[in-house]
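Trainee: Build me a model from this:
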Amino acid sequence: MKKIIFYSYQKCSTCRKASKWLDQNNINYQFIDIIKEPPSKKFLELALIQFSLDKKKIFNTRGKSFQSMDFDIFDLTKKRIIEILSNDGKLIKRPFLVINESKIILGYNESDYVSNFK
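Mentor: Predicted coordinates for the structure are as follows:
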């Protein structure tokens, strides 16, 4: 059985779609409010490794927090990105799903969920 950690924001419609899919497919998960408790540095580092070709994918680029930033993500070190994301859960792409503490799925794409859970 896979251990699933689901970082989400209740006001996020994409997060609600993802949790609905998980529920409909009887997939157990631990829900964590991404704003109150952002993913651990370990999981953020894992996401940076997994999405190393495009660091921007880890950020919630549509959010107000991101749009008010005045620096270029690509100029930042991995350590600085983790520090920034750890301090503001609204900057993180959501939902942020962790599978067995070894794989990250960002956002909600039904085909990604199907390929990882069916």
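
Trainee: The chain: strands as residue ranges?
Mentor: 4-8, 30-33, 96-99, 103-106 (DSSP state E).

Trainee: deepest of those, which one?
Mentor: Of all these, strand 96-99 carries the top mean neighbour count, a mean of 22, counting by mean count of other CB atoms under 10 Å. Where you see a C-beta, it was placed from the backbone N, CA and C, and this is true even at glycine.

Trainee: contact partners of that strand?
Mentor: Strand 96-99 is contacted from outside by 2-8, 18, 29, 34, 39, 43, 46-47, 104-106, 116, using CB atoms under 8 Å, 6 or more residues apart in numbering.

Trainee: residue farthest from the centroid of this structure?
Mentor: D70 (21.9 Å; CA atoms, centre = their mean).

Trainee: residues contacting that residue?
Mentor: Contacts of D70 (CB under 8 Å, 6+ apart): none.

Trainee: Please name the residues that touch the nearest residue to K78 once chain neighbours are set aside.
Mentor: What sits nearest to K78 in space, not counting adjacent residues and going by CB to CB, 6 or more residues apart in numbering, is L48, at 5.5 Å. Contacts for L48 (CB under 8 Å, 6+ apart) come out as K55, I58, K78, I81, I82.

Trainee: The closest residue to K64 other than its chain neighbours: neighbour count?
Mentor: Residue nearest to K64 in three dimensions, not counting chain neighbours: K90, with 7.6 Å by CB to CB, 6+ apart. By other CB atoms under 10 Å, 16 other residues sit near K90.

Trainee: K90 touches S65, doesn't it?
Mentor: Yes - with contact defined as CB atoms under 8 Å, K90 reaches S65; the gap is 4.3 Å.
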